[in-house]
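Engineer: here's a sequence, model it:
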Amino acid sequence: MKKFNIRKVLDGFTASSSSSATAAPGTRENDVVQESLQSEHFQLCKTVRHGFPHQPSSMTFDPVQKILAVGTLGGALRLFGRSGVECYCQHESEAAVIQLQFLINEGALVSALADDSIHLWNLRQKQPAILHSLKFNKERITYCHLPFQSKWLYIGTERGNIHIVNVESFTLSGYVIMWNKAIELSTKSHPGPVVHISDNPMDEGKLLIGFECGIVVLWDLKCKKADYRYSYDEAIHSVAWHHEGKQFVCSHSDGTLTTWNVRVTTKPIQTITPHGKQPKDGKKPEPCKPILKVEYKTTRAGDAFMVLSGGLSYDTVGRRACLTVMHGKSTTVLEMDYPIVEFLTLCETPYPNDFQEPYAVVVLLEKDLVVIDLGQIGYPIFESPYPLSIHESPVTCCEYFADCPAELIAALYSVGSRQKRQGYSKKEWPISGGNWGQGTQSYPEIVITGHADGSLKFWDASALMFQMLYKLKTAKVFERPRGKEDKPSTEIVDEDPFAIQTLSWCPESRILCVAGVSAHVIVYRFSKQEVTTEDVQLVEVRMQSDLSDMESPEPAGDQTPTLPTPGATSSSPQEGEPPLQPSTGSTSSDTPRSNVPCLQVRGSPLKQSPGYQVDLVVQLVWVSGEPPQQITSLALNSSYGLVVFGNSGGLAVVDYLQRTVLLNMGTSELYTPSDPYQRQPRSPRKTRQPSGVLCDGNDGTTASEDRCKSPTSGSTSPCNSDDERKQQRFLAMVKTKSRRFSKTVASDFARMSRKINNPCEQKPDTDARDNSFSRSRSSSVTSIERESREAISSFHFCESFPRRATEGGPGPCLMVGTTQGTVLLLDLSLPTADQRLSQPVCVSSCGTLVRLKGGVMTIALLDAAGALLPPAYEPWYDPNASDDDKEKERSRRRRPTSPATSQEGGVADGQYAVVCSEKQAMVVAMPSQTAVFKHNITESSFVLRADVVQMAATNCIACFCANGHIMTLSLPSLRPLLDVNYLPLTDMRIARTFAFSNLGQALYLTSPTEVQRITYSQETCDNLQEMLCELFTPVETPEAPNRGFFKGLFGGGAQSLDREDLFGETAAGKASRSLAQHIPGPGGMEGMKGAASGVVGDLARARIALDERGQKLGELDERTAAMMASADSFSKHAHDMMLKYKDKKWYQL
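Structural biologist: Coordinates of the predicted model:
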């Protein structure tokens, strides 16, 4: 345990070091904070990747191991097994994966890439690695085929040649099938690339080669010549064998299927166009779209299955991609949501020369994976256990919560299970290989993703898993336009008006607050009971930005924001108030849009299922023809019953218990007159008085009754005369009843209000940057002006000291961070618990706490011993419970949970405020408000995400910078503990979704469809191997089909081939060195480790086998003893019968 004394720290650092933490003078000498975190506690590494593979290109399946592999255009490999078994690999070249081949039941995978290289992956280790690579130099790879239980890989090329590779050594054989010898004189031109290779199911010595031009060749490997050649006018896309090896089917580019007899080469025995219109005059059917792939699978008990993709007629314009299943005389067309990339038919046997018995079809789509059950009527799909629906709607924000309350996941799962679709197959998921890892992480983790369609998804991320728990649709609160004509003109975004901008969640109270791009905030409560809401509670806020207010003193300046009325259903001060239009002599009928929200709240009753239910909707409205600015920051506190949100115009504090707006003011109005960082208005208009309760942060003699007025009593003016207060109350009452006055009278009242509310001492504008350019009085605002606007960037509710000279203990506060690096303090005066619903909450501004470089990213509070002080929260209760339960919950509700204090130092002994901006981090002592430590995080870049997180029973700051660096700083001394150049910012998606969490966890969206999880904890990295899943499990290969007596006698069964005699170096010689280059893989050592682990696994399996054998022997002994007892009993009864009839004659019987 290392101790850091402030004076010693000051001696150890120099002022010239900009990248090191510095301590400010004036701190107490006896301040000693113990820090246990060291650099040894941190290490950065990737853990797992979830979601759908981005841009998939190929797929294969191991029928024995039950493992599915998917390759992508970016060179990635994703392997899937049972629920929770996932693995991610990446080729270094990042070239597209064109084909994958499993070494069935061998724990290996061959991948062929678009850069003409093939790779052998070892899957017997938890992190698969490449053992061998082979790079072709002169020919382009188009197709690969690896026969079952063979070590020789056939590779077809663009030139039409076929090369053979030994997958054990990854060396080329001298045996080559040249295209000119394969076709000879059957065609006068080049046949094109090889599009198919397969061996005859009944004769391994016969190889079927399909060329793109329409020629198919049956090649005799032993004789090195073509036995048969089949020719068709249309190009070939795929070929499939019948299991008896006497017929094969080809799919063509004109939408036809041709069935050929092996011994008949003149014409196909059958030609069909599955989706073509059959003319009545017997002519050839109209051509259709190409059939990209066909599979021919047989069954013992019934008709064969023929599955194909594509082949639709050209007149089906706009029709979605389809998969066609032909079974006997029935043809079923299954429409897919996305284009089909690849499909595979899953069969009971891996042997191609046996009845296949298909039971499912795996369809890989561009953005989904579908598994169809062939064994049930209607071909239902299986319910996928994988988290492949992350991208169902684009992800717009992401939050990560580790170490949540234990019962939370069960509660979310219970309400989410009712949302599942019906009609799935009743069978188990067929991709069931692999084993889960032995995870040591036992704490619950939850990830919340916000989406463009207004939905939120809750995911269980515990122990490297990722399963969806619950889905919430926020768009249900609003009216949906039926068409483009009905789309309201008040929307501020053209697409996705319900998209989630940011969210704030309290796991303990289960209260959720969501902000959308249409400047709306929704507060949700969690309930286990269904409820129907007749009227959705609505609060409208008129938040006028500084720039739009400062344009013209006459038209826009005459409007003064009014104050809310507590207890009203719609607490908007503007509800029912017409926009004030001053008389300017213009007769134009085009009045600016004002007091109108962007979205229309649903007017009909809203049925809300168990789960999250709407409690309150807050909407920003248009002001003088200007749309509301999007919300940039959001926070809630369940103990206080408050929600605060801010944008580029200012902030608003809403009491969601009383449905009132407590504070609504611009950013510049948060500064007190004596603030050194006060930002003056940029135009000569008079200062707009905020609609809230203000106080001078340096005036400690202000009476409490003056600082804690009700919001309905008007804004506090610096000129504190009784006449002015009466005038303000009168004006506030006038504003709430402005319908009774004409527009001219209301405008005059507004001008009077501005004169009364004008500060007595107005400081001139001294900001040189603000005077560097002149602004026009036009209502339009340039992009430069928008960027220079000081927006609200972060919030933090806490129990702290709002002023420097504070008598007594700390109280409820709100810390506000801005994009200019300022942290402001707001004092919250809460009524007692009994009067919470009847008395208003008072909010007063207390001025600036500190100023940093760059926008403020996060704020936290530590006690005197350096322990984190979390915000107070309210325990969860069901708002729709019975009356008795409600009474119990009310008693709990009156006792909100306060943050726990450290034993070494209570809250009253002092605190440390931790502030991190885009450039710096600072620790400020409270209540003295003096900077204790300061650290310059970066000079050339900026911080994208920063959080104060718990790590190894203590706390630290975790930062992610735009230059790709991930850093951690100790608290409170701000010592650098970790600095790794991990991931440069190449996409705004990463910046928008990157999230830190407690206990060394983080994640981000690495692609539009995938979530990448990382850890910066050394302990997690050390245990990662145990936590990862196993892809390969020891499974015995099924027995080969029985040939039968007569087939074995007369040679009718499958004929094997000794490929070693044909393709080995002794028989075929060596291949040309210039043809391909062998590259040893980086997984050689890993392969040795895998082999070592394989030996251990073999021993374990042998031990298990011995145990099973002993168990079987024991069962045999028991059965033998039972048989002996039965035999003894039978012998006894037989002896008795013999004695009974021994002396009797035959006629006496």
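
Engineer: isn't Tyr154 right up against Thr142?
Structural biologist: No. Here Tyr154 does not reach Thr142: they are 11.6 Å apart, not a contact under C-beta atoms under 8 Å. Placement of C-beta: from N, CA and C, glycine included.

Engineer: tell me where the stretch 1001-1149 of the chain has helices.
Structural biologist: Assigned by DSSP state H, counting those that start in this stretch, the helices in the stretch 1001-1149 of the chain fall at 1018-1022, 1024-1027, 1045-1050, 1059-1063, 1065-1068, 1084-1140.

Engineer: tell me which residues in the first one are buried?
Structural biologist: So that's helix 1018-1022. Taking 16 or more other C-beta atoms under 10 Å as the neighbour-count basis, helix 1018-1022 is seen to contain the buried residues 1018-1021.

Engineer: before we move on, back to that, lowest-confidence stretch among the helices of the stretch 1001-1149 of the chain?
Structural biologist: Comparing mean pLDDT over those, the weakest stretch is helix 1045-1050, at a mean of 51.

Engineer: in the stretch 301-450 of the chain, what spans have low per-residue confidence?
Structural biologist: 316-317, 439-441 (pLDDT under 70).

Engineer: where along it do the strands fall?
Structural biologist: Listed from the start of the chain, the stretch 301-450 of the chain has strands (DSSP state E, counting those that start in this stretch) covering 305-310, 322-327, 330-335, 340-347, 358-365, 369-373, 395-402, 445-451.

Engineer: give me the helices and strands touching the second one, please.
Structural biologist: The one in question is strand 322-327. Under the contact criterion of 3 or more C-beta pairs under 8 Å, 6 or more residues apart in numbering; DSSP states H and E, the helices and strands touching strand 322-327 comprise strand 305-310, strand 330-335, strand 358-365.

Engineer: of those, which stretch is the most buried?
Structural biologist: Among the helices and strands packed on strand 322-327, judged by mean count of other C-beta atoms under 10 Å, the one packed with the most neighbours on average is strand 305-310 (a mean of 24).

Engineer: what is that strand packed up against?
Structural biologist: On a contact count with 3+ C-beta pairs under 8 Å, 6+ apart, strand 305-310 meets strand 247-252, strand 291-297, strand 322-327, strand 340-347, strand 358-365.

Engineer: that one pairs with which strands?
Structural biologist: strand 291-297 (antiparallel), strand 322-327 (antiparallel) (DSSP bridges).

Engineer: the last one versus strand 330-335: what angle between them?
Structural biologist: Our comparison of strand 322-327 with strand 330-335, counting by axes from the mean of the first three to the mean of the last three C-alpha atoms, to 10 degrees, yields an angle of 160 degrees.

Engineer: dump the residue contacts of Arg989.
Structural biologist: The contact partners of Arg989, by C-beta atoms under 8 Å, 6 or more residues apart in numbering, come to 395, 1005, 1008.

Engineer: doesn't it belong to a helix?
Structural biologist: Yes. Secondary structure of Arg989, determined by DSSP: H, G, I helix; E, B strand; the rest coil: located in a helix.

Engineer: so for it, what's the pLDDT?
Structural biologist: At Arg989, the model reports a pLDDT of 91.

Engineer: swap in the one 4 residues further on?
Structural biologist: Thr993 is assigned a predicted lDDT (pLDDT) of 95.

Engineer: quick one: neighbours of it, just the number.
Structural biologist: Applying other C-beta atoms under 10 Å, we find 23 residues neighbouring Thr993.

Engineer: before we move on, what about Glu939?
Structural biologist: Glu939 is surrounded by 10 other residues when neighbours are defined as other C-beta under 10 Å.
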